[in-house]
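[1] Just a sequence and a predicted model for now, questions to come.
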Amino acid sequence: MRKPKSKNKFRRKRGRFADEAKEIELLNSWIESGKPDSGWNPLSTDPLLPANAPVGRTNDGAFSPYSGCKLFAQMPLSGRTKDGLSDSEYTKMTHIQRASLPHSLCGRDILGAAKTGSGKTLAFVIPVLEKLYKERWGKEDGVGSIIITPTRELAGQIFEVLNAVGKHHDFSSGLLIGGRKDVGTEKEHVNDLNILVCTPGRLLQHMDETPNFDCSQLQVLVLDEADRILDVGFKQALNAIISQLPKHRQTLLFSATQTKSVQDLARLSLKDPEYISVHEKSETATPSRLQQTAIVVPLEQKLDLLWSFIKAHLKSNILVFLSTCKQVKFVFEAFKKLHPGIPLKCLHGRMKQDRRMAIYSQFCEQRSVLFSTDVASRGLDFNKAVDWVVQVDCPEDVASYIHRVGRTARYNSGGRSVLFLSSSEEQMLVKLQHAKIPIEFIKVNTKRLRPVSSLLAAKLVEYPDLQYLAQRAFATYLKSIHKQKDKEIFDVMKLPIEAFSASLGLPMTPKIRFLNQKNKGKTTLIETSSQHVNDVVAAISEIPTEMAAGDEPVAEEEGVENDLLSTKATQMDVRDHEDGTTAMPGTRILKNKKLKINQHRPSGTRKVFDEEGNALLPLAALADSKSGNDILQLDKVKERFRKLKEEKEQWDKEDKRQNKQRLREKRIKEKMKLKRAKEEEEEISGSDVEESVGRAAKRSKIYFGSDSDDGEKETKRKSNISIDAVSLAEQEELALKLLSSMHS
Ligand SMILES: Nc1ncnc2c1ncn2[C@@H]1O[C@H](COP(=O)(O)OP(=O)(O)OP(=O)(O)O)[C@@H](O)[C@H]1O
């Protein structure tokens, strides 16, 4: 936004300052005099006004500066902002811009809600620029506004809009997002920035780590996709951020699915916010030019349908949503190997930031299929390039659906979307229809469906890495379903696990490990095999395994193929189950993995029968087999336990003794080592030329001309010898010589 320096800058600036002051005064009085009543919406007067009614005239003949105001040029905006808007070819305001600007320009807090693609970005960028301009903000004033968004790509997009519209202003702006390596440089400059566009994590990082990072003068705080930012995922970070911001500020909240939670608003300390929902009375919650369809398709046919869909729409730009990064990776890599005839791309949160940004830009430019997680579901404006939004995996809730489909049909353009629902997810359709989403239910033409599983299976054999990806995709999908809050729609127990696994091309249903919080708060590792559907279901739904076994008879799974060890375990479990006990698989042996012992595995599952065919209780059976009679020899058992205890105590003592000894030896060794090192050091320093020369000089002074270059001790020793060696007579003679030389 900062202009290049020029020679005449100072003169021009002085002139401009004078003009600016006048302009600001004018703008302030315009805004003050036209301050709309709280709750007033200029759109409400439109139907009552004749088409040629002059701007400012209300239906009752009174005057309101915003009535009938449809162009940016008619608004109390600075010349610089107006220039920026017209340079970017923004002339006519959208509904949310018309409704919110009269309130936001006079400093009110805003809760803005409008459909996706309806221009909410400008609705907050403009008041930010105007507020700082009217405050005559400069570099030395530091951070004047912070715009927070949930994703890095969205932050980048907002940053671009801000720079385009604000290009005639002199503010400095910065994009602070995670995944960038230049955090050090950022720290050096962050205090010089006036407007920060950031993700919560990076902002907090600066607040925590950057010396003198100062937001105490903050004028405007913006939360884009406010409901998401206020969601649990960002709760801690946002609370920490808010606690460091001054309370006296303007706060603007925007989203297509706005929060009205009093608690959320209290966290932000909003002051009598204006709730502006321009499409509240609209018949639909989604853009009117969006054609929405839903298809009910078995989970195991979703990839077939997706493949068929892509093959049938090779000339379209398609955005495909899947639940997890691993699914995105797998479908992208697998389909790429099948060469669909259209470029494929993928976007997910585990990718490097540069790559993410590059993919985002490429998708805007080039016809392709982009597989993505929800990282692309909010706010992104793919340059109106998306023809189709395909939701292979069901969105977690209605809001998520609205944001995903909102990537198409933006501003004035049209778009289409299709939602794949498995039969267990059909309830989502009802919820969508309740939320005023006009969605048409269509059926799959099975004749045109191109099965892809066998092709995938072949590729998985060819590429072992792909097989690994498929397994991860399988596991993460099940986990994602398990984690969903809406259990009415997302029920992992209803999933056709084996068929789903096969649909990814996997030769065998992968084993899944989930941590199962079992009784008494202890964590037990359960190795599960999805061939054994009950096991999987029990483990991931964190319900006691006994219940799962009870709900669906394990015997039903007998015909399912399994790997050798797991199959054996399963069969044994079935046998146990048949005898009426609730024994369940506790431990399975995995190849190349440590054997984990499940402490909760019931013992005594082996049955022993007496001669008459009656099953014996486990201990009785033990007594029976060991002693040949049916009386438990308690005394002997106790005696045995006592002996074992004594032995154990002995072992413990011995262990302790050995440990002490080991430690002592270790300490001695270390001492010796230190001593040796010290000695070596002394030897080394003794051989250092400069030092020894200095020392030798000193010594020669003390010890009468010792010329030894050796170490100090050695020198001392030699010098003492030389003293002893010189006789008294010789010393007297030497002294006399010295005296006579002094007198001569
Ligand atoms: N006044 C306007 N005139 C012309 N185009 C506009 C105007 N305002 C916004 N747009 C364009 O409309 C598109 C959607 O705008 P924007 O991204 O701000 O929508 P949004 O409401 O924030 O969407 P989302 O809810 O998905 O975040 C963008 O391409 C933008 O350039």
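    It's in.
[2] Pull up the per-residue confidence for residue 175.
    pLDDT, residue 175: 95.
[3] buried ones in stretch 444-461?
    444, 452, 453, 455, 456, 457, 459, 460 (16 or more other C-beta atoms under 10 Å). In short, each C-beta sits where N, CA and C put it, glycine included.
[4] and the fifth one, what does it touch?
    The neighbours of residue 456, taking C-beta atoms under 8 Å, 6 or more residues apart in numbering as the test, are 303, 334, 338, 470, 504, 505.
[5] And for the last one, the neighbour number?
    Spelled out, that is residue 505. 22 (other C-beta atoms under 10 Å).
[6] can you tell me the helix or strand for the residue nearest to it when sequence neighbours are not counted?
    Distances taken as C-beta to C-beta, 6 or more residues apart in numbering put residue 456 closest to residue 505, at 2.9 Å, once the chain neighbours are dropped. Using DSSP states H and E, the element containing residue 456 is helix 453-462.
[7] Just the endpoints, please. Distance across stretch 216-227?
    For stretch 216-227, the first-to-last residue distance is 25 Å (C-alpha to C-alpha, to the nearest Å).
[8] Check stretch 378-397 too.
    For stretch 378-397, the separation between the terminal residues is 14 Å (C-alpha to C-alpha).
[9] can you map out the helices along the stretch 251-400 of the chain?
    262-267, 302-312, 325-337, 353-365, 398-405 (DSSP state H, counting those that start in this stretch).
[10] In TSV: the ones you listed, plus mean neighbour count, mean pLDDT and distance to residue 448.
    Formatted as TSV, the helices of the stretch 251-400 of the chain follow (neighbours: other C-beta atoms under 10 Å; pLDDT from 0 to 100; distance: least, C-beta to C-beta, whole Å):
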stretch	mean neighbour count	mean pLDDT	distance to residue 448
helix 262-267	13	78	47
helix 302-312	20	96	6
helix 325-337	23	97	18
helix 353-365	16	90	27
helix 398-405	23	96	24
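[11] so which of these gets nearest the ligand?
    Ranking the helices of the stretch 251-400 of the chain by their distance to the ligand (criterion: C-beta to the nearest ligand atom) puts helix 398-405 first, at 6.7 Å.
[12] which helices and strands does that closest one pack with?
    Secondary-structure packing of helix 398-405 (3 or more C-beta pairs under 8 Å, 6 or more residues apart in numbering; DSSP states H and E): strand 388-391, strand 415-421, helix 427-434.
[13] Around the ligand, which positions in the protein sit nearby?
    Residues of the chain lying near the ligand by C-beta under 6 Å from any ligand atom: 90, 92-94, 97, 114, 116-122, 256, 379, 381, 406, 410-411.
[14] Residue 437 - that's part of a helix, no?
    No. Counting by DSSP: H, G, I helix; E, B strand; the rest coil, residue 437 falls outside a helix, being coil.
[15] Counting neighbours, what do you get for residue 216?
    Residue 216 sits with 9 neighbouring residues when counted by other C-beta under 10 Å.
[16] any low-confidence regions in the stretch 501-650 of the chain?
    Counting by pLDDT under 70, the stretch 501-650 of the chain shows low-confidence ranges at 513-634, 637.
[17] For residue 214, grab the count of nearby residues.
    If you count neighbours by other C-beta under 10 Å, residue 214 ends up with 13.
[18] shouldn't it be in contact with residue 190?
    No. Checked against C-beta atoms under 8 Å, the pair residue 214 and residue 190 is beyond contact range at 9.3 Å.
[19] Chain neighbours aside, what residue packs nearest to residue 180?
    That would be residue 353: by C-beta to C-beta, 6+ apart, it lies 5.9 Å from residue 180.
[20] Check whether the one you found really touches residue 182, as I assumed.
    No. Taking contacts as C-beta under 8 Å, residue 353 lies outside contact range of residue 182: 10.9 Å.
[21] quick one, strands of the stretch 401-550 of the chain?
    415-421, 439-442, 511-517, 523-529 (DSSP state E, counting those that start in this stretch).
[22] Count the residues that sit near residue 235.
    Neighbour tally, residue 235, other C-beta under 10 Å: 14.
[23] In terms of pLDDT, where does it sit?
    Looking at residue 235, its pLDDT is 89.
[24] For the helix or strand harbouring it, list the C-alpha coordinates in PDB.
    Using DSSP H and E, residue 235 sits in helix 232-243. Written as PDB, here are the backbone C-alpha positions of helix 232-243 (Å, rounded to 0.1, in the frame of the first residue of the first chain):
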ATOM      1  CA  VAL A 232     -14.100 -24.600  20.200                       C
ATOM      2  CA  GLY A 233     -11.200 -25.300  17.900                       C
ATOM      3  CA  PHE A 234      -9.900 -21.800  18.300                       C
ATOM      4  CA  LYS A 235     -11.400 -21.000  21.700                       C
ATOM      5  CA  GLN A 236      -8.200 -21.100  23.700                       C
ATOM      6  CA  ALA A 237      -6.100 -19.100  21.100                       C
ATOM      7  CA  LEU A 238      -8.800 -16.500  20.700                       C
ATOM      8  CA  ASN A 239      -9.400 -16.000  24.400                       C
ATOM      9  CA  ALA A 240      -5.600 -15.500  24.800                       C
ATOM     10  CA  ILE A 241      -5.600 -13.000  22.000                       C
ATOM     11  CA  ILE A 242      -8.600 -11.100  23.200                       C
ATOM     12  CA  SER A 243      -7.100 -10.800  26.700                       C
END
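[25] Give the other helices and strands that it contacts.
    Other elements packing on helix 232-243 under the criterion 3+ C-beta pairs under 8 Å, 6+ apart are helix 200-209, helix 262-267.
[26] Need the mean per-residue confidence for the longest one.
    When the per-residue pLDDT values of helix 200-209 are averaged, the result is 94.
[27] what does it rub up against?
    For helix 200-209, contacts defined as C-beta under 8 Å, 6+ apart pick out 146, 148, 150, 176-178, 183, 186-187, 190, 196, 213, 215, 229, 234, 237-238, 240-241, 244.
[28] Now the buried members of those residues.
    146, 148, 150, 176-178, 186-187, 190, 196, 213, 215, 229, 234, 237-238, 241.
[29] Could you tell me which of the residues you listed belong to strands?
    146, 148, 176, 196 (DSSP state E).
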